[in-house]
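In: sequence-free structure coming up:
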């Protein structure tokens, strides 16, 4: 029994930010993409109460090939932060080999033991015309960098989850985040061979 | 005897004396050699050497006096430089350096001269005929009223309101030249196209397009001039050409299908290309320019080709290259030689089709607008995507994770007319410049679509007024208190560097010229 449990790939993701940034929607898209697109199991716990009006808010998503017996997360494999408060609250719980993804303009990764994957998602969303799309950019970034859900399923789920008429714009935002993630991965790989200029 | 044509340009002093001794003794001078006696070997310019090959010479021999015995002082060194440069270009062109030979003789060396001539003749026999056939015919000019009025109607020049906005913007007029686009338009409408003054003006226009930008009736004066030139081109099209028509000869040579240029032989081995790739990098004529302008210190336009390829490799794009790349034909079309332009365009089209190319990337604004706009405009439909390198870079850099190293310079920018006006994309290079990290970037007073020309286009009509406008432009650049003039076209780099080499103004006009592509390639890094 214990052997089979180790074989099962299970990833635990915590997304945090302010209320209103679309953290819960991002969590739902992530879970749906895993279930509907990738045919895996997923749970979502939404944590927001009074915070929903601008305070800290978080979504806990578990994605697994096997059954999920417990939906709460104590030690996330992946931590996604769109606010400093969220980062400060959860950074100590991140696994030592976990992946940290932050909005570089909103979060200072003080005290993090892993190197963060940074993206100016809010700024990019502003450039695309709507700040509220930062979460979609982050999902694109997340799927490209960590592969916790496949990029195709995530993209499809994004266009199916957003309000009618905004699909194209959100797909663009998703691609932007995704491209940025791929570029970061490529950059890290290339940086292993230091070279100035092209 | 073979039917080869070997032209022997022979200085009338040392070598001719030796040659006369051979003639007096009825020595067996190879019969393929046709002698042209000239006053000094140093006066045979690169253009004349090239012209011989354009006209179908199988070999050219230049004979001068021994170093130190030149009557005019620097004839020997001039001849050496001209021959060295032309040989370099013959190499790139695939004609073979060996077809051009230089030697120096004293009057008392007839035997050595004879054995030299025999050796060269034998060498040319081994090489065989030049791929360029002799006696190619050029179209005669057609300036009938009907032809002219067809051009006038095609560009709706009748719409000219004589407001004079063109003249008030024209860089040539502002440089003091008695030249007015409006006056030319009206003279042509009035049927005065054959008047010498009007003809001269038609060949003086920079075709920079600033007048079109200002014209309230949207008369595209540059294209009007281009089409008039196509009517006027006669058997002697080089009369108004700069550099003795060298580049026009070079381009016309390239219209021969049997010629196999060696365009990329010099490229560093560490550049990765994909010989099966469907994306082609089209380099342009920079390697030829660098050889021709070797003496102008700062000109290194091939660096932009290498930088372009390095940047593509940086983003894991491995383009294909046309090993036998030819000119795009821009300068032929804009100097009125449509016939040869079309020959080149068709050869290029075939070459693209043979490789199955789906997208062409180029860093040269002239190649870009020619492939993108003029090919279809002249009936050559390539059926593929033409991309300017800057568009591709902007797209890749925008994906993120790319950064630029600090650049310890203050920059200003010279707009290329073909990109900023013809293609109306002045924003494109600026997006990239704004990503760089220089000390600062300051625009010149005339910028973007209003920028002043670098002084010449299509190697036609360069004169004192071109120089005057270049000086004005360089002063504008200096007024920004920048120390680097960034260019995005090899021609801008060449022309402005040329204007800086003014012995009377000394250091006043000097400024470091850097190509935008090279700056990008030298400072780009992964974040």
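Out: Nice, I can see it. This is a predicted model, so every value here is computed, not measured. Numbers count the residues shown, from 1 in each chain, chains lettered A, B, ... in the order given.

In: Spatially nearest residue to residue A:175, not counting backbone neighbours?
Out: residue A:140 (6.4 Å; Cβ to Cβ, 6 or more residues apart in numbering or on different chains). Yep, even glycine has a C-beta here, placed from its N, CA and C like the rest.

In: The one you found - that's part of a strand, no?
Out: No. With DSSP: H, G, I helix; E, B strand; the rest coil as the criterion, residue A:140 is helix rather than part of a strand.

In: State the distance from it to chain B.
Out: Distance, residue A:140 to chain B, using Cβ to the nearest Cβ, to the nearest Å: 11 Å.

In: Below-threshold pLDDT in chain A: ranges please.
Out: Low-confidence segments of chain A (pLDDT under 70): A:1-7, A:48-54, A:193-198.

In: And the strands in it?
Out: Using DSSP state E, the strands of chain A run over A:10-18, A:41-47, A:56-64, A:78-81, A:99-103, A:117-119.

In: so how far is the last one off the chain centroid?
Out: Translated: strand A:117-119. Its chain's average C-alpha position is 11 Å from that of strand A:117-119, according to Cα atoms, centre = their mean, to the nearest Å.

In: and that strand, which strands flank it?
Out: strand A:99-103 (parallel) (DSSP bridges).

In: quick one: the partner strand to strand A:10-18, angle?
Out: Here the directions of strand A:99-103 and strand A:10-18 differ by 20 degrees (axes from the mean of the first three to the mean of the last three Cα atoms, to 10 degrees).

In: Closest to the centroid, which residue in the chain?
Out: In the absence of a named chain, chain A is used. Centroid-nearest residue in chain A, with Cα atoms, centre = their mean: residue A:142, separated by 4.4 Å.

In: Could you save the strands of chain A as TSV and add columns showing distance to residue B:428 and mean neighbour count?
Out: Formatted as TSV, those follow (distance: least, Cβ to Cβ, whole Å; neighbours: other Cβ atoms under 10 Å in any protein chain shown):
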stretch	distance to residue B:428	mean neighbour count
strand A:10-18	36	25
strand A:41-47	44	18
strand A:56-64	41	23
strand A:78-81	35	28
strand A:99-103	29	23
strand A:117-119	25	24
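
In: Distance to residue B:121 added to these, as a markdown table?
Out: Listed next are these as a markdown table, based on distance: least, Cβ to Cβ, whole Å:
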| stretch | distance to residue B:121 |
| --- | --- |
| strand A:10-18 | 80 |
| strand A:41-47 | 85 |
| strand A:56-64 | 82 |
| strand A:78-81 | 79 |
| strand A:99-103 | 76 |
| strand A:117-119 | 71 |
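
In: Quick check: which of those strands is nearest to residue B:452?
Out: Proximity to residue B:452, assessed across these by Cβ to Cβ, is greatest for strand A:117-119 (41.9 Å).

In: Just confirm the residue nearest to residue A:175 contacts residue A:171, I think it does.
Out: No. When contacts are counted by Cβ atoms under 8 Å, residue A:140 is not listed as touching residue A:171 (9.3 Å).

In: Pick out whichever of the two has more residues nearby.
Out: Neighbour totals were compared for residue A:140 and residue A:171, and residue A:140 leads with 30 against 17 (other Cβ atoms under 10 Å in any protein chain shown).

In: residues touching that one, list them.
Out: By Cβ atoms under 8 Å, 6 or more residues apart in numbering or on different chains, the contact list for residue A:140 reads A:151, A:154-155, A:158, A:173-181.

In: which one is residue B:385 nearest to, not counting chain neighbours?
Out: residue B:359 (4.4 Å).

In: burial count for the one you found?
Out: 16.

In: tell me the pLDDT at it?
Out: As predicted, residue B:359 sits at a pLDDT of 96.

In: what are the phi and psi angles of it?
Out: phi -140, psi 140 (degrees, to the nearest 10).

In: same question, residue A:107
Out: phi -130, psi 130.

In: coming back round to it: gap between the residue nearest to residue A:175 and residue B:338?
Out: 50 Å (Cβ to Cβ, to the nearest Å).

In: try residue B:211
Out: Distance from residue B:211 to residue B:338, by Cβ to Cβ: 22 Å.

In: When the two are compared, which one has more neighbours?
Out: residue B:211 (28 against 20).

In: Quick one: name the residues of chain B near chain A.
Out: B:307, B:310-311, B:313-314, B:316, B:399-402, B:405, B:520-527 (Cβ under 8 Å from any Cβ of the partner chain).

In: Give me the buried subset of those residues.
Out: B:307, B:310-311, B:313-314, B:399-402, B:520-526 (16 or more other Cβ atoms under 10 Å in any protein chain shown).

In: So which of the residues you listed sit within helices?
Out: B:307, B:310, B:311, B:313, B:314, B:520, B:521, B:522, B:523 (DSSP state H).

In: you'd agree the last one is up against residue B:407?
Out: Think residue B:523. Yes. Assessed by Cβ under 8 Å, residue B:523 is found in contact with residue B:407 at 5.7 Å.

In: what touches both of these two?
Out: What both residue B:523 and residue B:407 touch, as defined by Cβ under 8 Å, 6+ apart, is the set B:436, B:437.

In: Could you pull out the strands in the stretch 251-400 of chain B for me?
Out: B:279-282, B:359-362, B:385-388 (DSSP state E, counting those that start in this stretch).

In: In CSV: those, plus distance to residue B:193.
Out: As requested, the strands of the stretch 251-400 of chain B are exported to CSV (distance: least, Cβ to Cβ, whole Å):
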stretch, distance to residue B:193
strand B:279-282, 35
strand B:359-362, 35
strand B:385-388, 34
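
In: from the ones you listed, which stretch is densest packed?
Out: Neighbour counts (mean count of other Cβ atoms under 10 Å in any protein chain shown) averaged over each of the strands of the stretch 251-400 of chain B peak at strand B:279-282, with a mean of 23.

In: Quick one: mean pLDDT for that one?
Out: Mean predicted lDDT for strand B:279-282 stands at 96.

In: Can you pull out the residues in contact with that strand?
Out: With Cβ under 8 Å, 6+ apart, strand B:279-282 has contacts from B:273, B:308-309, B:312, B:317, B:319-322, B:325, B:328, B:352, B:355, B:357-362, B:364, B:367, B:371.

In: Any idea how far that strand is from the middle of the chain?
Out: Distance, centroid of strand B:279-282 to centroid of chain: 20 Å (Cα atoms, centre = their mean).

In: tell me the contacts of the residue lying closest to residue B:21 once chain neighbours are set aside?
Out: Residue nearest to residue B:21 in three dimensions, not counting chain neighbours: residue B:110, with 4.1 Å by Cβ to Cβ, 6+ apart. Residues near residue B:110 by Cβ under 8 Å, 6+ apart: B:18, B:19, B:21, B:22, B:25, B:27.

In: If we use 6 Å, what do you get?
Out: B:18, B:21, B:22 (Cβ atoms under 6 Å, 6 or more residues apart in numbering or on different chains).

In: Tell me the pLDDT of it.
Out: 94.

In: can you give me phi and psi for it?
Out: Per degrees, to the nearest 10, the backbone of residue B:110 is at phi -60, psi -40.
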